[in-house]
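K.L.:
Quick one: sequence and predicted model below, then my questions.
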Amino acid sequence: MYALEFASFTYVCCGNYATANALVDEVVALADDKSAMQWKAFGMLAQGWLFSLTGRTSDAVHTISSAITAWRSMGAMVFVPLYLSQLAKACANLGQFDEAWRCIGEALNAVKTCKETCWEADVHRIAGEIALQSPQPDAAKAEAYFKRALAVAREQQAKSWELRAAMSMARLLRDQGR
């Protein structure tokens, strides 16, 4: 299950959602068969992420919310900032901005409390994207989040997170005519 789950994660990050989905479905089925509830919750988190990335936003919100509850009920905290930020993005896509900001706040708090800083740059980047997507887009707030994402990524020497944040900042600057 470990190999399937982490292989699916790699495929998600590379944009190969069909392969990732097949692996995640296999994880969830195997976890059901073996009554491995931790792996089922982990698989559901990945399913929710895939739903979000493939336009099934309502399914993403429901699946990620349920999976985070199950994940936490077992005392697990690893990956929570990642999936809370994905939940925030899905909520924003549904126009549920209060819930999106609550999830971002919770993700940033989880980064601090759990010291799981590997997701910090992307949480800030997603917060910036939500600031731009809000009913009253706030470019200054988005820019501050993007700058923070860039600073964190550079400090961690996380080139992929830095590139994602730089692309978000570049789109903002382009759209503002700067």
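P.N.:
Perfect, I can see it now.
K.L.:
average pLDDT across the helix or strand where residue 161 lies?
P.N.:
Using DSSP states H and E, residue 161 sits in helix 159-175. For helix 159-175, mean pLDDT is 96.
K.L.:
try stretch 106-119
P.N.:
93.
K.L.:
How about stretch 78-97?
P.N.:
Mean predicted lDDT for stretch 78-97 stands at 95.
K.L.:
Just the buried residues of that stretch, please?
P.N.:
79-93, 96-97 (16 or more other C-beta atoms under 10 Å). (Each C-beta comes from the backbone N, C-alpha and C, glycine too.)
K.L.:
Touching the helix holding residue 161 from outside, list them.
P.N.:
The contact list for helix 159-175 (C-beta atoms under 8 Å, 6 or more residues apart in numbering) reads 13, 121-122, 124-125, 128-129, 132, 139, 142-143, 146-147, 149-150, 152-154.
K.L.:
Strands - which of the buried residues of stretch 78-97 land there?
P.N.:
Counting by DSSP state E, no part of the buried residues of stretch 78-97 is found in strands.
K.L.:
In helices, which of those fall?
P.N.:
Under the assignment DSSP state H, the buried residues of stretch 78-97 contribute 80-93, 97 to helices.
K.L.:
returning to what we had before: how about the helix holding residue 161 as CSV, C-alpha atoms only?
P.N.:
Extracted in CSV, the C-alpha atoms of helix 159-175 (Å, rounded to 0.1, in the frame of the first residue of the first chain):
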residue,chain,number,x,y,z
LYS,A,159,12.9,24.5,-6.4
SER,A,160,9.5,23.0,-7.4
TRP,A,161,7.7,25.1,-4.8
GLU,A,162,9.7,28.2,-5.8
LEU,A,163,8.7,27.7,-9.4
ARG,A,164,5.0,27.3,-8.6
ALA,A,165,5.1,30.5,-6.5
ALA,A,166,7.1,32.4,-9.1
MET,A,167,4.5,31.4,-11.8
SER,A,168,1.6,32.6,-9.6
MET,A,169,3.5,35.9,-8.9
ALA,A,170,4.2,36.3,-12.6
ARG,A,171,0.6,35.8,-13.5
LEU,A,172,-0.4,38.4,-10.9
LEU,A,173,2.1,40.9,-12.2
ARG,A,174,1.1,40.3,-15.8
ASP,A,175,-2.6,40.8,-15.0
